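Novice: Whatever this is, show me its structure:
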Amino acid sequence: MRLSLSVVFSSIAGYLLGADVVDFYTILLLAFGGYFMVGASNAFNQIIEKDLDALMERTKNRPIPAERISVKSAFVLASLFTIFGIVILYIINPQTAMFGAISIFLYTSAYTPLKTKTPLAVFVGAIPGAIPFMLGWVAATNDFGIEPGTLFMLQFFWQFPHFWAIGWFLHEDYKKAGFNMLPTGKPDKATAVQTIMYTVWTILVSVIPVFGFTGALKLTVVGAVVVFLIGLIMLYYAIQLFKKRTVLSARQLMLASVIYITLVQIVYVADKFIR
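Specialist: Predicted coordinates for the structure are as follows:
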């Protein structure tokens, strides 16, 4: 539920950034379409990983491994969610539906199988994970260009420190299922260094719109300063992870990353409507 709502929030933020005139009917379609899209991805993911989920404390009580729902019923539900999501997004415009379908496909057919094979799964998973923010812009404009591309890159780079923090404090639990989530395969100094590097990239991408390189996606100097300062807070926690390399510091970075992306999206939208 939390993941689905965060995707809906990101999509609506992207829509508000791209829309010249806000259409609440489109926002409603985007919310439901995005919700079904994430629901479908999660359902297919849990079908594929049902045996692995049963091995981990974090996931053993999910509906399928806990046998509250059968695989057949889950598959029917996932298929219906896929159809509902794509059809609803298609009502907005075809490009939005296309990106929604790509997101479901990559999450279930690439990211999920790769999680037990290689740490590059996080890179692949970051692609569908970065789609919601740009999806909103495409829903508003029926166009993919530099603007949604920038929104995509912001959320793409952000996912590395976010998911590596999760992979860090859940490392022992993930090992039970054979998931290989950290870039070096373990919570070590090299993983912490890469977390800092991708946090820096996230901050740099977040302020690019202030320089006027990103078409209709703009950011005032005040907005850029606020976004930059929010980024420094996340960077602080990434550095703390490097220094301490503890489960607690990883949890703190994860929480900081969630607050970061939420606040940055709010600042982007507020900056547009206030200026």
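Novice: alpha carbons only for contacts and neighbour counts from here, please
Specialist: Will do.
Novice: what number of residues lie near Y268?
Specialist: For Y268, the neighbour count with other C-alpha atoms under 10 Å is 24.
Novice: Check which helix or strand it maps to.
Specialist: Here Y268, judged by DSSP states H and E, is contained in helix 247-274.
Novice: so who does A54 touch?
Specialist: When contacts are counted by C-alpha atoms under 8 Å, 6 or more residues apart in numbering, A54 is found next to 60-61, 65-66.
Novice: Let me have those residues in JSON lines, adding neighbour count, distance to L80 and secondary structure as columns.
Specialist: Converted to JSON lines, the contacts of A54 look like this (neighbours: other C-alpha atoms under 10 Å; distance: C-alpha to C-alpha, whole Å; DSSP: H, G, I helix; E, B strand; the rest coil):
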{"residue": "K60", "neighbour count": "16", "distance to L80": "25", "secondary structure": "coil"}
{"residue": "N61", "neighbour count": "14", "distance to L80": "23", "secondary structure": "coil"}
{"residue": "P65", "neighbour count": "21", "distance to L80": "21", "secondary structure": "coil"}
{"residue": "A66", "neighbour count": "14", "distance to L80": "22", "secondary structure": "coil"}
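Novice: Which of those sits closest to A97?
Specialist: Using C-alpha to C-alpha, P65 comes nearest to A97 of these, at 31.2 Å.
Novice: my read: the closest one touches D53, true?
Specialist: Yes. The criterion here is C-alpha atoms under 8 Å, and P65 meets it with D53 at 6.5 Å.
Novice: and L106, what helix or strand is that in?
Specialist: Assessed by DSSP H and E, L106 sits inside helix 94-106.
Novice: Quick one: mean pLDDT over that helix.
Specialist: Across helix 94-106, the average pLDDT comes to 91.
Novice: do stretch 116-133 as well
Specialist: Computed over stretch 116-133, the mean pLDDT rounds to 88.
Novice: residues of it that come out buried?
Specialist: 116, 118-133 (16 or more other C-alpha atoms under 10 Å).
Novice: Going by residue numbers, what spans are helices in this structure?
Specialist: In the chain, helices defined by DSSP state H lie at 2-18, 24-48, 50-53, 71-92, 94-106, 112-114, 121-141, 146-169, 171-177, 189-207, 221-244, 247-274, listed in chain order.
Novice: contact partners of the third one?
Specialist: The contact list for helix 50-53 (C-alpha under 8 Å, 6+ apart) reads 46, 59-60, 62, 64-65, 177.
Novice: from the chain's centre, how far out does it sit?
Specialist: Centroid separation for helix 50-53 versus its chain: 22 Å, with C-alpha atoms, centre = their mean, to the nearest Å.
Novice: The last one now?
Specialist: With C-alpha atoms, centre = their mean as the basis, the distance from the averaged C-alpha position of helix 247-274 to the chain average is 12 Å.
Novice: Quick one: work out the angle between that helix and helix 2-18.
Specialist: Using axes from the mean of the first three to the mean of the last three C-alpha atoms, to 10 degrees, the inter-axis angle of helix 247-274 relative to helix 2-18 is 30 degrees.
Novice: who does helix 247-274 touch, helix- and strand-wise?
Specialist: Where contact means 3 or more C-alpha pairs under 8 Å, 6 or more residues apart in numbering; DSSP states H and E, helix 247-274 is packed against helix 2-18, helix 146-169, helix 221-244.
Novice: which stretch in the ones you listed has the least confidence?
Specialist: Ranked by mean pLDDT, the helices and strands packed on helix 247-274 bottom out at helix 2-18, which scores a mean of 88.
Novice: send the alpha carbons of that one over as PDB?
Specialist: Only the C-alpha atoms of helix 2-18 are listed here, as PDB (Å, rounded to 0.1, in the frame of the first residue of the first chain):
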ATOM      1  CA  ARG A   2       2.800   2.500   0.900                       C
ATOM      2  CA  LEU A   3       4.700   1.700  -2.300                       C
ATOM      3  CA  SER A   4       1.500   2.200  -4.400                       C
ATOM      4  CA  LEU A   5       0.600   5.500  -2.700                       C
ATOM      5  CA  SER A   6       4.200   6.800  -3.200                       C
ATOM      6  CA  VAL A   7       3.900   5.900  -6.900                       C
ATOM      7  CA  VAL A   8       0.600   7.700  -7.200                       C
ATOM      8  CA  PHE A   9       2.100  10.700  -5.300                       C
ATOM      9  CA  SER A  10       5.100  10.900  -7.700                       C
ATOM     10  CA  SER A  11       2.900  10.600 -10.800                       C
ATOM     11  CA  ILE A  12       0.600  13.400  -9.600                       C
ATOM     12  CA  ALA A  13       3.600  15.600  -8.800                       C
ATOM     13  CA  GLY A  14       4.900  15.000 -12.400                       C
ATOM     14  CA  TYR A  15       1.500  15.800 -13.800                       C
ATOM     15  CA  LEU A  16       1.200  19.100 -11.900                       C
ATOM     16  CA  LEU A  17       4.700  20.000 -13.200                       C
ATOM     17  CA  GLY A  18       3.700  19.300 -16.800                       C
END
